[in-house]
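Undergrad: 3D, please:
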Amino acid sequence: MTESHYEADTGRRRRPTVLKGLIFVILLALMTAGLLAAATLLRSKEGPKIATVEPAPLAVSVITVEYLEELDIEELFTGIAEARRTSRLGFQTGGRIERIDVRVGDRVKAGQTIAKLDTRGLGAQLASAQAVVEEARASHRLALDSADRQRQLQAQGHVSQQRVDEILSQASTAMARVDSAKAQADTIRVQIDLSSITAPYDGVIVSRFADEGAIAGPGQAILDLVEAGDLEARIGVSARIVPELVPGNIYTLEAETGPVDAPLRSVTGVVDASQRTVAAVFDVPVSSGVPAGSIVRLKMERKLEEKGFWVPLKALSSANRGMWTIYAVVGEGDDWRAQPRLVEMVYPAGERAYVRGPIKPEERIIVDGLQRITPGAKVLPRELQRAETASGG
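TA: Sure thing, here's the model as predicted:
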């Protein structure tokens, strides 16, 4: 192929490539123009729409604030009525349990034997010790008889004083052996006595931890005994009411079985570090029928000299640093707005609370639907009956 023919052929192959590029540019320009035209058609002549109509006001229930200069309140202090004495009984020495004579719920008398270990081994030891005592006594009697004969012989001049002294020394040694043997026998008797459990006072068996035939270790709990009779109630009270409590006076306690008149025995006068209360001890008579372990409450009335007003708990929402938020309704005519105010809770009582804060008398506050309320929101107040909001007040 000649050079002129090669160049002509190369030129024919390049021209289609340039043509394709030109077509691509034209198509891209047309697509861009189409997109711009579509955007222009979609855009409103008035610009982006902004909501200009305010939402309809929220219907809310409100109450009118009524201030009090002081408040008579009742405080409840809680304690437990317990038996005066409770003992966990066991054997001082270990051994096999021969018998337990009581069950849970049985009443026992002071001094009554209620459990016993197998003491056959100790009985044999006591018999042996008693035999040693008798042997020592026989030796002592023999020594005394010998001493008497030696005195007679000395009086006749047949023996010396030294011989008499030796016999008297033997008699003293024999007496010492008697005392030692008696002490050993007494020790075994004590062990036998300690192999029984006797009730230290009148009471009721409330727990049993072992049965006959079991091996009990020294000090192992076998029975729980609760004293029968009057109970005592330890109630933690605040230090500020301690001056109002007079030992010997009768106070009414609220128990699960009903009200109970209980004399105040004492007030410790020491603040418990964990509870920050002072213990007051009341005697609960057995005739009251209050079971041991029952919860009892002391009700005390006091005057709270603090200006404030009552609100339902549902009208409060939590704020920072122990404060609470309530919403006051402010405005006039048909334009009422929810305005947040911070208040402090002075005294909670059931479903309501006594609070103080920057609320004017006769202002109205919102008492429901707080989750729908935002500061400044338009509301439509609906007055509640005062009797409804002041119930229990």
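Undergrad: Help me confirm that residue 128 is found in a helix?
TA: Yes: under DSSP: H, G, I helix; E, B strand; the rest coil, residue 128 sits within a helix.
Undergrad: Check the gap between it and residue 117 for me.
TA: 19 Å (Cβ to Cβ, to the nearest Å). Every C-beta, even on glycine, is put in place using the N, C-alpha and C of the backbone.
Undergrad: Just want to know which of these two has more residues nearby.
TA: residue 117 (23 against 13; other Cβ atoms under 10 Å).
Undergrad: got the contact list for the more buried one?
TA: 91, 93, 95-98, 195-196, 216 (Cβ atoms under 8 Å, 6 or more residues apart in numbering).
Undergrad: Buried among these? Make that a PyMOL selection.
TA: Of those, the buried ones go into a single PyMOL selection, burial set by 16 or more other Cβ atoms under 10 Å:
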select buried, resi 91+93+95+97+195+216
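Undergrad: Nearest to residue 303 among the contacts of residue 117?
TA: residue 91 (58.3 Å; Cβ to Cβ).
Undergrad: Secondary structure and distance to residue 381 for the contacts of residue 117 - can I get that in TSV?
TA: Shown next, in TSV, are these (DSSP: H, G, I helix; E, B strand; the rest coil; distance: Cβ to Cβ, whole Å):
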residue	secondary structure	distance to residue 381
91	coil	77
93	coil	82
95	strand	83
96	strand	83
97	strand	78
98	strand	83
195	coil	83
196	strand	81
216	strand	77
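Undergrad: got the contacts of residue 117 as JSON lines, with pLDDT and distance to residue 109 columns?
TA: Listed next are those as JSON lines, based on pLDDT from 0 to 100; distance: Cβ to Cβ, whole Å:
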{"residue": "91", "pLDDT": "91", "distance to residue 109": "20"}
{"residue": "93", "pLDDT": "85", "distance to residue 109": "24"}
{"residue": "95", "pLDDT": "90", "distance to residue 109": "25"}
{"residue": "96", "pLDDT": "91", "distance to residue 109": "26"}
{"residue": "97", "pLDDT": "92", "distance to residue 109": "21"}
{"residue": "98", "pLDDT": "91", "distance to residue 109": "21"}
{"residue": "195", "pLDDT": "86", "distance to residue 109": "20"}
{"residue": "196", "pLDDT": "88", "distance to residue 109": "15"}
{"residue": "216", "pLDDT": "89", "distance to residue 109": "23"}
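Undergrad: Give me the buried positions along stretch 195-205.
TA: 195, 197, 199, 201, 203-205.
Undergrad: typed the wrong thing, it's stretch 120-138
TA: 122, 125-126, 129-130, 132-133, 136-137.
Undergrad: Kindly report the same for stretch 364-384.
TA: Buried-residue list, stretch 364-384, by 16+ other Cβ under 10 Å: 364-368, 370, 373, 377, 379, 381, 384.
Undergrad: what does stretch 174-189 give?
TA: By 16+ other Cβ under 10 Å, the buried positions in stretch 174-189 come out as 174-175, 177-178, 181-182, 184-185, 188.
Undergrad: how far does that stretch sit from the chain's center?
TA: 55 Å (Cα atoms, centre = their mean, to the nearest Å).
Undergrad: Next: stretch 353-371.
TA: 35 Å.
Undergrad: May I have the distance across it, first residue to last?
TA: 19 Å (Cα to Cα, to the nearest Å).
Undergrad: Stretch 221-236 now?
TA: Start-to-end, stretch 221-236 (Cα to Cα) is 31 Å.
Undergrad: Can you report the mean pLDDT over the residues of it?
TA: Stretch 221-236 comes out with an average pLDDT of 90.
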